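Colleague: Return a 3D structure for these sequence lines:
(one chain, ligands or ions: 1)
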Amino acid sequence: MCQTSFHDFLYAPHPPVNGTTGEGLSLSISERRRVAEEWVTKGRNKLDQVVIHVGALSLKESQELAQHAAEIGADGIAVIAPFFLKPQNKDDLTAFLKEVAAAAPALPFYYYHIPALTGVKIRAEELLDGIQEKIPTFQGLKFSDTDLLDFGQCVDQNRERQFAFLFGVDEQLLSALVMGATGAVGSTYNYLGKKTNQMLEAYERKDFSSALNYQNSRFLGKGPHAIPLRTLQLKSSEAVKLVTLNGET
Ligand SMILES: CC(=O)N[C@@H]([C@@H](O)[C@H](O)[C@H](O)CO)[C@@H](O)CC(=O)C(=O)O
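Modeller: Predicted structure coming up:
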């Protein structure tokens, strides 16, 4: 997750390093280490932050990646819920996340909530309740789900805390802004950055009708939007190139 400042709002054209779009879970541990190293090295003095996704099915591997992220100078780590033998409740999930966070005790920790892919449907709002007592490095939430009620409750019930609420469903960013998102992390910002900036500007000047037009023009019209959740095939990469060539970025 490499964040770019937009006034007070943060949005990240590049999703978390080794996250969903980066297909981190399809890579070997040594590949994940190498990708993380490249991002940290190449991003130095160019990117505000480089956050590495270190989630894995094996706690030991996740801890190893967390430790490695700290060693190479990453700015934070993000972790999804283990998704094969799944945690059945908040306590089990918290226990897993706590062990990973403890492997990198100096790094800000983000929970990466993406239930459609992990199948772990524990509400983020429930997880956040009391999380800082268990995970002192807890810094925020990457929320990749369409349940805006859950997202709004996360924001509302943690107003006293300085958590980051990073929204991850690009199609709903405008709605998430209204619910209190402090940032966004997503794939489409790579090639729809210009329109996203225009939408954020319109939102900031309270021109909601233009903001809505920008949001809709990004996603409701014809054409390719999402980078598909499978290895990028020629057709998809051509589509991304086409959008870019059309001056969308
Ligand atoms: C499931 C998925 O891929 N979600 C994307 C979105 O940016 C998504 O591509 C976008 O909303 C278009 O559907 C991000 O939340 C994923 C992400 O940030 C990541 O790569 O870790």
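
Colleague: Which segments of this protein make up each domain?
Modeller: For the chain, automatic domain parsing gives the domain ranges 2-186, 191-249.

Colleague: what ranges of the chain fall below the confidence cut-off?
Modeller: Counting by pLDDT under 70, the chain contains low-confidence ranges at 1-15, 221-249.

Colleague: Identify the residues contacting Ile29.
Modeller: Ile29 makes contact with Ala56, Glu61, Glu64, Leu65 under the criterion Cβ atoms under 8 Å, 6 or more residues apart in numbering. Yep, even glycine has a C-beta here, placed from its N, CA and C like the rest.

Colleague: swap the cut-off to 10 Å and go again
Modeller: Listed by Cβ atoms under 10 Å, 6 or more residues apart in numbering, the contact partners of Ile29 are Ala56, Ser58, Glu61, Ser62, Glu64, Leu65, His68.

Colleague: Where does the residue of the chain found nearest the ligand sit: helix, strand or coil?
Modeller: Nearest residue of the chain to the ligand, counting by Cβ to the nearest ligand atom: Gly19, 2.5 Å away. Following DSSP: H, G, I helix; E, B strand; the rest coil, the label given to Gly19 is coil.

Colleague: just to revisit the earlier point, now the contacts of Ile29 as JSON lines including neighbour count?
Modeller: Output for the contacts of Ile29, formatted as JSON lines (neighbours: other Cβ atoms under 10 Å):
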{"residue": "Ala56", "neighbour count": "22"}
{"residue": "Ser58", "neighbour count": "11"}
{"residue": "Glu61", "neighbour count": "15"}
{"residue": "Ser62", "neighbour count": "25"}
{"residue": "Glu64", "neighbour count": "18"}
{"residue": "Leu65", "neighbour count": "27"}
{"residue": "His68", "neighbour count": "20"}
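
Colleague: Next step: those restricted to helices.
Modeller: Glu61, Ser62, Glu64, Leu65, His68 (DSSP state H).

Colleague: Distance of Gln139 relative to Val169?
Modeller: 20 Å (Cβ to Cβ, to the nearest Å).

Colleague: farthest-separated two in the contacts of Ile29?
Modeller: Using Cβ to Cβ, the two most remote members of those are Ser58 and His68, lying 14.2 Å apart.

Colleague: Would you confirm that the residue of the chain closest to the ligand contacts Leu25?
Modeller: Yes. The criterion here is Cβ atoms under 10 Å, and Gly19 meets it with Leu25 at 8.9 Å.

Colleague: which neighbours do these two share?
Modeller: Jointly contacting Gly19 and Leu25 under the rule Cβ under 10 Å, 6+ apart are His53, Gly55, Ile80.

Colleague: so which of those also contact the ligand?
Modeller: Applying Cβ under 6 Å from any ligand atom to the shared contacts of Gly19 and Leu25, one finds that nothing falls near the ligand.

Colleague: Inside strands: which ones of these?
Modeller: Counting by DSSP state E, the part of the shared contacts of Gly19 and Leu25 found in strands is His53.

Colleague: from the shared contacts of Gly19 and Leu25, which is closest to Arg34?
Modeller: Distances from Arg34 to these, taken by Cβ to Cβ, are shortest for His53, at 14.5 Å.

Colleague: Distance check, that closest one against Ala176.
Modeller: Distance, His53 to Ala176, using Cβ to Cβ: 20 Å.

Colleague: Neighbour count: these two, which is higher?
Modeller: His53 (27 against 24; other Cβ atoms under 10 Å).

Colleague: now that one, which residues is it bridged with?
Modeller: Beta-bridge partners for His53, by DSSP bridges, are Ala78.

Colleague: got a list of what it touches?
Modeller: Counting by Cβ under 10 Å, 6+ apart, His53 makes contact with 1, 15-20, 22, 24-25, 32, 36, 62, 65, 69, 77-80, 110, 112, 142.

Colleague: Pull out the buried members of those.
Modeller: Neighbour-count burial (16 or more other Cβ atoms under 10 Å) applied to the contacts of His53 gives 1, 15-20, 22, 24-25, 32, 36, 62, 65, 69, 77-80, 110, 112, 142.
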